[in-house]
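Enquirer: Kindly return the folded structure for what I paste below:
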Amino acid sequence: GFSSGSMKKDITSLLQAAGATIINSQGDAYRCLSDLTSSEVEKTFVFLCDDTPTNSSCGISEKLHALVKNIHDDSEEANIIAVHFSWLFDCISCATVMPAKSYEPIAPLPKAMWRLLTAGVEAEEEEDEGKRSQFY
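Expert: Residues are numbered from 1 along each chain as shown. You can find the predicted model right below:
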């Protein structure tokens, strides 16, 4: 968990103010992820990771990681990211969704998920930048 109760409270408040649905259990996460690809509404599932250095306290299980891998491999439509919690503050400060590639989690399992989900992202971002530059 987050190192201080006030940090968790601040993050929860920010997420609620932004209209996020906060998932507090592995079971709920599993259900939401399973429904992600069948939903007609575009949603992004964000694993907001704390500073814990170990898998045992990070909140992401092998089963959850395997589900994310399967969804990622089966569907290009699923929007799932795993990021260090500083991503949230930077998104708010910059008033835009920051690229997940810059926010690597610390614990091994979240870091592996982050690598999986951000693989190939740099090439896509460079391609997008080239497209945008044509409009200036």
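Enquirer: so where is this protein shaky, pLDDT-wise?
Expert: Filtered on pLDDT under 70, the chain yields the residue ranges 1-4, 121-136.
Enquirer: residue ranges for the strands of it, please.
Expert: Taking DSSP state E as the test, the strands found in the chain are 44-49, 79-84.
Enquirer: Can you say which of those is nearest to residue 21?
Expert: In this view, the strands of the chain are compared for proximity to residue 21 by Cβ to Cβ, and strand 44-49 is the closest at 9.5 Å. Every residue, glycine included, has its C-beta placed from N, CA and C.
Enquirer: one step back: please render the strands of the chain as CSV that adds mean neighbour count and distance to residue 111 to the earlier fields.
Expert: Rendered in CSV, the data for the strands of the chain read as follows (neighbours: other Cβ atoms under 10 Å; distance: least, Cβ to Cβ, whole Å):
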stretch, mean neighbour count, distance to residue 111
strand 44-49, 20, 9
strand 79-84, 21, 8
